[in-house]
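1. I would like the atomic coordinates for the input below:
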Amino acid sequence: MGRNFATELASSNTDLEWQIKLHLQHNHYPMVPVSMVEPCISAIAACNEECYNRMIELPEGVLWRGQSSAPAHAIVEGHHLQPWLLQE
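-> Numbers count the residues shown, from 1 in each chain. Below you'll find the model as predicted:
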């Protein structure tokens, strides 16, 4: 598992939501809550648009440095989402 699994998921022809869900639950310990799937997808989209500092709302109960939103780059880095970026 890990980086190779994420790379395989990102290059598969499966639904992006399903890919991210598998990645968050199988490549992280402890597992990242499923509620983070949508923020992760939004962060990937923002980074692919080169809007690295776009603030992404986090699900209820999830904070980043005490805030209810986080910059896209922090979500991508923190959740190892680089395989889904057009350019790393």
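2. quick one: the strands in the protein?
-> 55-57, 69-71 (DSSP state E).
3. buried ones in the first one?
-> Using 16 or more other Cβ atoms under 10 Å as the test for burial, strand 55-57 gives Ile56. All C-beta spots, glycine's among them, are computed from the backbone N, C-alpha and C.
4. now swap in stretch 20-29 and tell me
-> Neighbour count says stretch 20-29 has Ile20, Lys21, Leu22, His23, Leu24, Asn27 buried, by 16+ other Cβ under 10 Å.
5. got the contact list for it?
-> Stretch 20-29 is contacted from outside by 1-2, 5-6, 9, 31-34, 36-37, 40-41, 79-81, 84, using Cβ atoms under 8 Å, 6 or more residues apart in numbering.
6. please, where are all the helices along the chain?
-> Here the chain has its helices, by DSSP state H, at 3-10, 16-26, 37-48, 72-78.
7. okay, those in CSV with mean pLDDT next?
-> Putting these into CSV (pLDDT from 0 to 100) gives the following:
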stretch, mean pLDDT
helix 3-10, 88
helix 16-26, 96
helix 37-48, 98
helix 72-78, 98
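8. just put those helices in TSV and tack on distance to Arg54.
-> Converted to TSV, these look like this (distance: least, Cβ to Cβ, whole Å):
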stretch	distance to Arg54
helix 3-10	21
helix 16-26	17
helix 37-48	4
helix 72-78	5
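9. ok, which of the strands of the chain comes nearest Leu16?
-> strand 55-57 (15.6 Å; Cβ to Cβ).
10. closest to Gly61 out of the buried residues of stretch 20-29?
-> Among those, and counting by Cβ to Cβ, the member closest to Gly61 is Leu24, at 15.6 Å.
11. which ones are touching Ser35?
-> Pro59, Glu60, Val62 are the contacts of Ser35 under Cβ under 8 Å, 6+ apart.
12. now with 7 Å, please.
-> Pro59, Val62 (Cβ atoms under 7 Å, 6 or more residues apart in numbering).
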